[in-house]
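**Q** only geometry, no sequence info:
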């Protein structure tokens, strides 16, 4: 039997579909209309590419965890070294490029404190040039991949963004780029570690983006220990110093005990030598007494026999 919908059920399904918001990706709108109605859209996160709406896709779990881990260590670095501010995808950047105009919402943007266009506390958009942009590649379609790896790369490069990181949970399009003379060049890892040229001192191991070590593990890692849980490092350092003092005290006590033991052994050896000398002197005295007594008995015997010795 083939199931059929009743008119009432069909009408209810139509009502549900009518109530569901639909993406307007690809729609041509003016910049004014974009700022007014689409920049803070309640259901979709839109960027504006020279007149056309481009919806930012939702990340899957693995993409989100990689991005979250990176964001966490970056925030910890900026807590220790407060040299910049971080924006998330709620804040867009206006870019008047030579060949077009675009409004992008990078997954993560960094504005240095020394940037000539400051990021204010209540700014909802940014009209300067980010110092660093990060995009997490969505593999929902080839178009989404190309937008992050080709289109946005060219836009950020032309806009003068000093560093551009592309996070890719599959590793195929992972990239860490720095702007040298207006052209993006790969940042060469040192021992597998990416060292930022924009954020002096910020560094991370590429493989850790996939492995995502715990904070305690990072705090013990020379790559991260300067900015991950510094209070743990301070406490650990205090414990190490306390241990070193205790170890030094223990060694000094052991050394003092060893010296005392050596002194005791030397004194004991001297006592034993003195005792041996006393015993030898006693033996000599006994031999001398014995010889004297023997001589006296011999003289007495000779006297009895009438033998007179000269």
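**A** Yep, that arrived. In this text the structure is predicted, and so the values were computed from the model without any measurement.

**Q** Extract the residue ranges of the stretch 201-310 of the chain that are flagged as low pLDDT.
**A** Applying pLDDT under 70 to the stretch 201-310 of the chain flags residues 231-246, 309-310.

**Q** Just the helices from it, written as ranges.
**A** Ranges of helices in the stretch 201-310 of the chain, per DSSP state H, counting those that start in this stretch, are 206-211, 215-219, 230-304.

**Q** If you count contacts, what does the last one end up packed against?
**A** Applying 3 or more CB pairs under 8 Å, 6 or more residues apart in numbering; DSSP states H and E, we find helix 230-304 packed against helix 215-219. The way it works is simple: take the backbone N, C-alpha and C, and place the C-beta from them, glycine included.

**Q** Spit out the contact partners of residue 135.
**A** 106, 107, 148, 152, 164, 165, 166, 167 (CB atoms under 8 Å, 6 or more residues apart in numbering).

**Q** still on that earlier bit, turn the helices of the stretch 201-310 of the chain into CSV, including mean neighbour count and distance to residue 52.
**A** Formatted as CSV, these follow (neighbours: other CB atoms under 10 Å; distance: least, CB to CB, whole Å):
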stretch, mean neighbour count, distance to residue 52
helix 206-211, 15, 32
helix 215-219, 16, 42
helix 230-304, 10, 46
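
**Q** and these as JSON lines, adding distance to residue 115?
**A** JSON lines is the format used below for the helices of the stretch 201-310 of the chain (distance: least, CB to CB, whole Å):
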{"stretch": "helix 206-211", "distance to residue 115": "26"}
{"stretch": "helix 215-219", "distance to residue 115": "28"}
{"stretch": "helix 230-304", "distance to residue 115": "25"}
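
**Q** Got the domain ranges for the chain?
**A** Domain ranges of the chain: 23-55, 59-228, 230-303, per automatic domain parsing.

**Q** can you give me the offset of the first one from its chain's centre?
**A** Centroid separation for domain 23-55 versus its chain: 38 Å, with CA atoms, centre = their mean, to the nearest Å.

**Q** shift numbering so it begins at 45
**A** Happy to do that; since the first residue is 45 now, the last one works out to domain 67-99.

**Q** what about it, average pLDDT?
**A** For domain 67-99, mean pLDDT is 96.

**Q** Can you mark which positions in it are buried?
**A** 68, 73, 78-79, 82-83, 89-93, 97-99 (16 or more other CB atoms under 10 Å).
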